[in-house]
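Trainee: Mind folding the following:
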Amino acid sequence: MKFHRRTFIKRVGIGAAGLGLVSSFPGCLTRRNFAYGSLPRSTPEEQGVSSAGILAFLDTAAKCPNELHSFMMVRHGHVIAEGWWTPYRPGANHMLYSLSKSFTSTAVGFAVAEGRLTVDDPVVSFFPDKLPSGVSDHLAALRVKHLLTMSVGHAKDSTPRIVGHEDWVKAFLDLQIENPPGSVFLYNSGATYMLSAIVQKVSGQKTIDYLRPRLFDPLEIHGMAWETCPHGINTGGWGLAVQSEALASFGQLYLQKGNWEGRQLLPAAWVREATTFKIQQPAGPGEDLAALKKTSPWHQGYCYQFWRCPHNAFRGDGAFGQFSIVMPDQDAVVVITSESPDMKADMDMVWDHLLPAMSDAALRADSRTEGELRHRLGSLALPLPKSQAASPTAERISGKSFQIGRNDAGVRSVSFQFPRNGCTFTLTDGKGRYAVRCGLGQWVDGECNMPGTPPKITVGSLRPCKIAASASWKDENTLEMIWRYYETPHHDTVTCHFQDNSVTVGFMNSIPQPQHKETRPVLRGQA
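Mentor: Numbers count the residues shown, from 1 in each chain. Reported below is the predicted structural model:
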């Protein structure tokens, strides 16, 4: 089972539609890494982990079709391995997709601890002014705990049915609830949005602002961003973006049962309640639940917006492979961000290589293998497109504008400039001009505000988006640009073919699902 558990991301392909277009491995550090977080650094062997096992994990990652963007491993509270695949980097946020849900659950935990609500409170009690004219028995029976455990009772995920409305809360409450709340699990991102709306209702603050002094500041998490609905409520079930180390610290807080540097931020009782088995995910048509319990990461039980894992672990996870995996028995946390068509493969690499690499006691230092691991982690990079060095076409078209024929995206023209070692692509539509600067054979950083960028599968916008772009000549008349939106899992491939005085521009997003085919039109223009 890959992504089909998330019905909402199959249906809400809004961001991908239209023309939208340093790693480090310090040795043994006891001081804080103030640049990106508060976790101390150490070597794998000092914390009882084999460097060879981590290398095996990286070897497998390099061979599989999944594209990793960052990896961190924490053991006994120390970061022992960390790497980012260039152009991804430690100081950048990364879109979490549904891993956002675990942060929303945490906000609920704080609100419960402060007496602002209980998990047994009726959902209708928070929104008396948004209720339908007739409150059904099932809606009246809906409690906060049913939102937390994805057991609302809906027959279908509410998300695609509410995001087309101006008022998502009212739209959610208007939906029919076919089954008794608490009776059946159904992955339902709209339920998490409602949790965010409840947190804002009882606190008077957006979820991100409510969490700031309670979670983000103590863990030294800064610069985070969270998308909102039209009424200014954080989306809850998706839309949060934080740095990789924030995910490591977040997992470490839960590993430490809510304690951080001697201070109990989140009650240990809540951590236990939020991360233990609450409801069993059902088998799909023709599937055997007993078999799924042995093989499927999504049939180990669901908690309060966390997933149970094999080996007594639990995790927060998001589409395309965003993970914070907490392993209490091993006193370890593993963080992965990626664009993975098969999320199970990411988790299997953890169980196959990192889990057996851990020992109860410190290991003998292995300077050769540790050095190899340092080098590997320090040189991780996504491949640049292969190309010929240059093309005479560049000089011929540089500075020219191509008028684009009628198209559904409303694009009027594109133009190209070829300064030394670079290329600038400019697109003009009825609302403005948007330029993307690319390096030739290298990444060049910038910002992109082109309508619809970056490609994504959820509703919401955090723009302009940061971009690393590279261009290459595939042949004398074909220019290919790779636009990596390095605060998301995704990128665009833009192919421009020149013939005489004409150009054809094609777009292809990287979202690895057949349900999200490229919808942007091919642009055809004349100089």
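
Trainee: List of residues touching the host helix or strand of Met481?
Mentor: Met481 is part of strand 478-484 when elements are defined by DSSP states H and E. Strand 478-484 is contacted from outside by 21, 87, 382, 384-385, 387, 391, 393-394, 416, 423, 425, 436, 438, 443, 448, 453, 467-474, 491-498, using CB atoms under 8 Å, 6 or more residues apart in numbering. (C-beta placed from N, C-alpha, C; glycine too.)

Trainee: Relative to that strand, what are the paired strands and their orientations?
Mentor: Note on strand 478-484: by DSSP bridges, its sheet partners are strand 465-475 (antiparallel), strand 491-499 (antiparallel).

Trainee: Skipping adjacent residues, who's closest to Asn93 in space?
Mentor: Excluding its sequence neighbours, the residue lying closest to Asn93 (CB to CB, 6 or more residues apart in numbering) is Ala241, at 3.9 Å.

Trainee: ok, back up a step: among the strands paired with strand 478-484, which is nearest Arg308?
Mentor: strand 491-499 (32.4 Å; CB to CB).

Trainee: And the contacts of that closest one?
Mentor: Applying CB under 8 Å, 6+ apart, the contact partners of strand 491-499 are 21, 393, 397, 416, 425, 453-455, 474, 477-485, 503-510.

Trainee: for stretch 54-63, same thing?
Mentor: Under the contact criterion CB under 8 Å, 6+ apart, stretch 54-63 has outside partners 44, 68, 71, 73, 80-81, 83, 349-350, 352-354, 357, 369, 372-373, 376-377, 380.

Trainee: Give the buried residues for it.
Mentor: Buried residues in stretch 54-63, counting neighbours by 16 or more other CB atoms under 10 Å, are found at 54-58, 61.

Trainee: Equivalent analysis for stretch 287-303, please.
Mentor: Here stretch 287-303 shows 292, 296-303 as buried, counting by 16+ other CB under 10 Å.

Trainee: Stretch 319-337 now?
Mentor: Buried-residue list, stretch 319-337, by 16+ other CB under 10 Å: 319-328, 330-337.

Trainee: Off-centre distance for it?
Mentor: Here the centre of stretch 319-337 is set off from its chain's centre by 13 Å, with CA atoms, centre = their mean, to the nearest Å.

Trainee: Report the rounded mean pLDDT for that stretch.
Mentor: Mean per-residue pLDDT for stretch 319-337: 98.

Trainee: start to end distance for it?
Mentor: One end of stretch 319-337 sits 10 Å from the other (CA to CA, to the nearest Å).

Trainee: Same check on stretch 443-462?
Mentor: Using CA to CA, the end-to-end distance of stretch 443-462 comes to 22 Å.

Trainee: Ok, stretch 42-60 next?
Mentor: 24 Å.

Trainee: can you give me the offset of that stretch from its chain's centre?
Mentor: That offset, for stretch 42-60, works out to 25 Å (CA atoms, centre = their mean).

Trainee: what's the answer for stretch 251-264, then?
Mentor: On CA atoms, centre = their mean, the centre of stretch 251-264 falls 23 Å from that of its chain.

Trainee: ok, back up a step: hmm, which of the contacts of strand 478-484 are the buried ones?
Mentor: Buried among the contacts of strand 478-484 by 16+ other CB under 10 Å: 21, 87, 382, 384, 387, 391, 393-394, 416, 423, 425, 436, 438, 443, 448, 453, 467-474, 491-492, 494, 496-498.

Trainee: Check the secondary structure at the closest residue to Phe127 other than its chain neighbours for me.
Mentor: Of all residues not flanking Phe127 in the chain, Val169 sits nearest, at 5.8 Å (CB to CB, 6+ apart). When classified by DSSP: H, G, I helix; E, B strand; the rest coil, Val169 comes out as helix.

Trainee: so Gln281 makes contact with His299?
Mentor: Yes - applying CB atoms under 8 Å, one finds Gln281 in contact with His299, separated by 5.1 Å.

Trainee: where do the contact lists of those two overlap?
Mentor: By CB under 8 Å, 6+ apart, no residue touches both Gln281 and His299.

Trainee: Please, where are all the helices along the stretch 201-350 of the chain?
Mentor: In the stretch 201-350 of the chain, the helices defined using DSSP state H, counting those that start in this stretch lie at 207-211, 244-255, 268-275, 289-295, 343-349.

Trainee: where do the strands sit along the stretch 151-300 of the chain?
Mentor: Using DSSP state E, counting those that start in this stretch, the strands of the stretch 151-300 of the chain run over 225-226, 240-242, 259-260, 263-264.

Trainee: ok, now the stretch 301-450 of the chain?
Mentor: Counting by DSSP E, counting those that start in this stretch, the strands of the stretch 301-450 of the chain are 307-308, 314-318, 322-327, 332-339, 401-404, 411-417, 422-429, 433-440, 444-448.

Trainee: Which parts of the stretch 51-200 of the chain are helices?
Mentor: Under DSSP H, counting those that start in this stretch, the stretch 51-200 of the chain gives helices at 51-63, 100-113, 137-141, 144-148, 159-162, 168-174, 189-203.
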